[in-house]
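*Asks:* Here you go, sequence then predicted model.
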Amino acid sequence: MTDPEIYQRLKRVFLDIFDELDVELTPETSAADIPEWTSFNHVNIIVACEQAFGVKFGTPEIETLKNVGDLVALIRGKLAAKK
Amino acid sequence: MSSPNLPAWLPVLADADAAFGALKAAPDPAARFQQIARIADHQLDFMQAGKLDRQLERTLAELPEPAGYDTVRVAWLGSSTLDHLVPSARIAGLRRGVVMRSYVAPYGQYRQEILDPASELARFRPHVVLLCLDPEHAAIETGLGAARGDVEAAVQAHVAELRRLWQRAADQLGCAVIQETIPNLAPVLFGSYDRALPGSPAAVLDRLNRAMIDAAAEDRVLLLDLAGWSARLGHDAWFDRVRWLQAKQLVAPPIAPLYGELVARLLAALRGRARKCLVLDLDNTLWGGVVGDDGVDRLVLGHGTAAGEGFAAFQHHARRLKDAGIVLAVCSKNDRAVAEAAFTQHPEMVLKLDDFGVFVANWTDKAGNLRKIAEALNLGLDALVFFDDNPAERALVRAELPMVAVPEVPADPAYYVRTLEDAGYFEVVSLTGDDLARARSYQDNGRRAQALEAATDMDSFLAGLGMSLQIGGVDPHSIVRVTQLINKTNQFNVTTRRTTEAELRAFAAEPGNVALHFRLLDRFGDNGLVGVLLARATGDRLVVDTLLMSCRVLGRGVELAMINELVARAAAAGVTEILGDYIPTAKNAMVADLFGRLGFTRVEPAHGSPPEATLPRAASRWRLDVRAFTRHPNFIAVGDP
């Protein structure tokens, strides 16, 4: 899966969680840009990504995530490891 | 998209994007609520449930009490995070006619919340408190070498504290309490030997669960069996160590749709909304093959084939449900004589013709037939479950009669029983002798209907029934059944007020209040506890709080005997005036003029002046002059229980 494809699928995940999402997802997008990105929704994003991409994140990995770019990199790595 | 984590008995939502898109665009809240309810009847994952719940939240802000739904305030108290489970529970509630309002206490605060009379919890005035303890929190350190007796003492001390909290919640908040059982995720030290060692964490937790379950049964606290249900799919599906460490979520978010079902079923059962009747198709549902084409001899049923044993097991399960008070009915496209022959002639048929309250086999459409079945049994359509292997019939019934529960039926009969178990249509919160006798009483009703046909007129029919009414109060013997009847009677019910055992006990204990139950017997059998009358004493008058009757005994004159009794008691107590209110709901139109028929006159205005101030605007108020009352003649003899 290419990065644009990952972003495309990730956008769907975000649209499912944030009903009024009006920002484009970039590597720099973070909780500061989306008011509803609460700690509650943060867990939802993680779980929804695990389901959408068929991967499982580990405890230390989750803690390093600062923005969408980190999340995409993590997903990319997980998908590569699956092959 | 079907995953084992999702409710497999619900149909898959075909075009989710279109369905959700239409919701966002729908301006009218009532129409939007209906759309939401229809979407809720599908298999939704936790993300979709969350999305739908946000639309529900927005809709309820404009339409706080949708018609035909019970609002239930549920307080979620726990030692771990519970917020992520609430949306799925609320969506599951919609499937059962319940609008859940929720308050989630900060995690770990359950003791303070219950004990503090000024807590958020107390202000929320819950109908139900759900108490969820996680295995880490519930762990009791007894030491590995602890003797059985020491473990027992530690467990009992722990349970005693819980019981004080339950008691306090029931007394102070007047609410029902649901205690969750604790999944045994205690760390394993050695392996299987842990179970044999009284002081091992796993053995102690087992013992705690058992003691908690016994105490709950004794204290009439309801159980949500998380330990049992999570074992069906397995701990790895239900619980996720990463989520636990990350967010103190015990139940993993993807499993929320199944968990929410467990909560919603209990709420529905508390409100008398459990299903009461299982309507079964015949061909390829109760047996393999088509009896009209294949003949009785060639049906796949019973020993000899795996599928045949599967169908027989399903019939056994249906009979067990019947023995537990669920009415069975048949709705099949068949010639009646051919269908009946299968039951009378097949040697391995488990169900017999007289196991069914209604038997409909014809060639007309099934939606119409289901209406007929509900009518014949005096049940609402929302009391029916329709089990049919044919997807076209299921789709038709879902479209025509959305209030009927229609599970997806798996292709393999091996999973038929499992489907009914998982779908949880028949959840109860108590079981009385009356419940067990219910299926029997529907058959008695059939025989009464025949007696009515034979009688020349109504009066001679009623006189010939030899009815007697036993009148009793609300006491420890009757309170379970009385509470149950109050919470589930929708049609013959003037106020549709719901209650808990604690509230009812308090009501009955107040001097001057009248709290009566009525049991009807006739020559065909015991109809069970069929009526409840509660009246509150205010000065020199009585105000009817609750007047309800089971529809099983409609048209027998029981309400006349009930009001005679009330007036007699009022007169004896020196009361001169009885007031009654009719509060209309979607279901109780049959009693709109009940007070009029009982000799009350309507008084105006119903709304605005005390003590009517709390009545809804559509309510009507009625008055009876005790001294001018003449007893209503009827055909029922009154005796003491």
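*Replies:* Yes, it's here. Please read these numbers as outputs of a predicted model, since none were measured by experiment.
*Asks:* need the strands for the stretch 301-450 of chain B, in chain order.
*Replies:* For the stretch 301-450 of chain B, the strands defined by DSSP state E, counting those that start in this stretch occupy B:327-333, B:356-362, B:384-387.
*Asks:* With respect to chain A, which of these lies nearest?
*Replies:* Of all these, strand B:384-387 sits nearest to chain A, with 30.7 Å by Cβ to the nearest Cβ. (C-beta placed from N, C-alpha, C; glycine too.)
*Asks:* do you know how far the closest residue to residue B:41 other than its chain neighbours is from residue B:576?
*Replies:* Sequence neighbours aside, residue B:95 is the residue nearest to residue B:41 in space, at 5.9 Å (criterion: Cβ to Cβ, 6 or more residues apart in numbering or on different chains). In this view, residue B:95 and residue B:576 are 48 Å apart by Cβ to Cβ, to the nearest Å.
*Asks:* more crowded one of those two?
*Replies:* A count of neighbours by other Cβ atoms under 10 Å in any protein chain shown puts residue B:95 above the other of residue B:95 and residue B:576, at 20 against 15.
*Asks:* residue contacts, residue B:75?
*Replies:* Going by Cβ atoms under 8 Å, 6 or more residues apart in numbering or on different chains, residue B:75 touches B:102, B:103, B:104, B:105, B:113, B:121, B:124, B:126, B:128, B:129, B:130, B:175.
*Asks:* which residues touch the residue nearest to residue B:41?
*Replies:* B:40, B:41, B:264.
*Asks:* Which of those fall in helices?
*Replies:* Here DSSP state H is the test, and the contacts of residue B:95 give B:40, B:264 as lying in helices.
*Asks:* Top of the contacts of residue B:95 by number of neighbours, please.
*Replies:* Of all these, residue B:264 has the most neighbours under the rule other Cβ under 10 Å, reaching 27 neighbours.
*Asks:* what residue lies at the spatial centre of the chain?
*Replies:* In the absence of a named chain, this looks at chain A. By Cα atoms, centre = their mean, chain A has its centre lying nearest to residue A:71, at 4.9 Å.
*Asks:* that's the wrong chain, I meant chain B
*Replies:* residue B:269 (2.1 Å).
*Asks:* is it fair to say that residue lies in a helix?
*Replies:* Yes: judged by DSSP: H, G, I helix; E, B strand; the rest coil, residue B:269 forms part of a helix.
*Asks:* Please tell me how far it sits from residue B:495.
*Replies:* The value you get for residue B:269 to residue B:495, if Cβ to Cβ is used, is 21 Å.
*Asks:* now do residue A:39
*Replies:* Distance from residue A:39 to residue B:495, by Cβ to Cβ: 44 Å.
*Asks:* Please say which of those two ends up with more neighbours.
*Replies:* Legend: neighbour count by other Cβ under 10 Å for residue A:39 and residue B:495, higher for residue B:495 (21 against 10).
*Asks:* From what I see, the more buried one and residue B:546 are in contact.
*Replies:* Yes: counting by Cβ atoms under 8 Å, residue B:495 does reach residue B:546; the two are 5.8 Å apart.
*Asks:* what bits of the stretch 451-600 of chain B have low per-residue confidence?
*Replies:* Low-confidence segments of the stretch 451-600 of chain B, defined by pLDDT under 70: B:451-456.
*Asks:* Apply 80 and report the result again.
*Replies:* Within the stretch 451-600 of chain B, the stretches with pLDDT under 80 are B:451-458, B:460-461, B:524-525, B:552.
*Asks:* Which stretches in it count as strands?
*Replies:* In the stretch 451-600 of chain B, the strands defined using DSSP E, counting those that start in this stretch lie at B:467-473, B:514-522, B:525-538, B:541-549, B:577-582.
*Asks:* same check, this time on the stretch 151-300 of chain B
*Replies:* Listed in chain order, the strands of the stretch 151-300 of chain B (DSSP E, counting those that start in this stretch) span residues B:176-180, B:222-224, B:277-280.
*Asks:* can the ones you listed go into CSV with extra columns for mean neighbour count and distance to residue B:65?
*Replies:* Compiled in CSV, the strands of the stretch 151-300 of chain B are given as follows (neighbours: other Cβ atoms under 10 Å in any protein chain shown; distance: least, Cβ to Cβ, whole Å):
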stretch, mean neighbour count, distance to residue B:65
strand B:176-180, 25, 20
strand B:222-224, 19, 24
strand B:277-280, 25, 27
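*Asks:* Chain A is nearest to which of these?
*Replies:* Nearest of those (Cβ to the nearest Cβ): strand B:176-180, 20.8 Å.
*Asks:* which outside residues touch the closest one?
*Replies:* B:127-133, B:162, B:166, B:169-170, B:212, B:216, B:221-224, B:226, B:263, B:266, B:270, B:429, B:500.
*Asks:* picking that back up, can you lay out the contacts of residue B:75 as JSON lines showing pLDDT and secondary structure?
*Replies:* As requested, the contacts of residue B:75 are arranged in JSON lines below (pLDDT from 0 to 100; DSSP: H, G, I helix; E, B strand; the rest coil):
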{"residue": "B:102", "pLDDT": "97", "secondary structure": "strand"}
{"residue": "B:103", "pLDDT": "97", "secondary structure": "strand"}
{"residue": "B:104", "pLDDT": "97", "secondary structure": "strand"}
{"residue": "B:105", "pLDDT": "95", "secondary structure": "coil"}
{"residue": "B:113", "pLDDT": "94", "secondary structure": "helix"}
{"residue": "B:121", "pLDDT": "96", "secondary structure": "helix"}
{"residue": "B:124", "pLDDT": "96", "secondary structure": "helix"}
{"residue": "B:126", "pLDDT": "96", "secondary structure": "coil"}
{"residue": "B:128", "pLDDT": "96", "secondary structure": "strand"}
{"residue": "B:129", "pLDDT": "97", "secondary structure": "strand"}
{"residue": "B:130", "pLDDT": "98", "secondary structure": "strand"}
{"residue": "B:175", "pLDDT": "93", "secondary structure": "coil"}
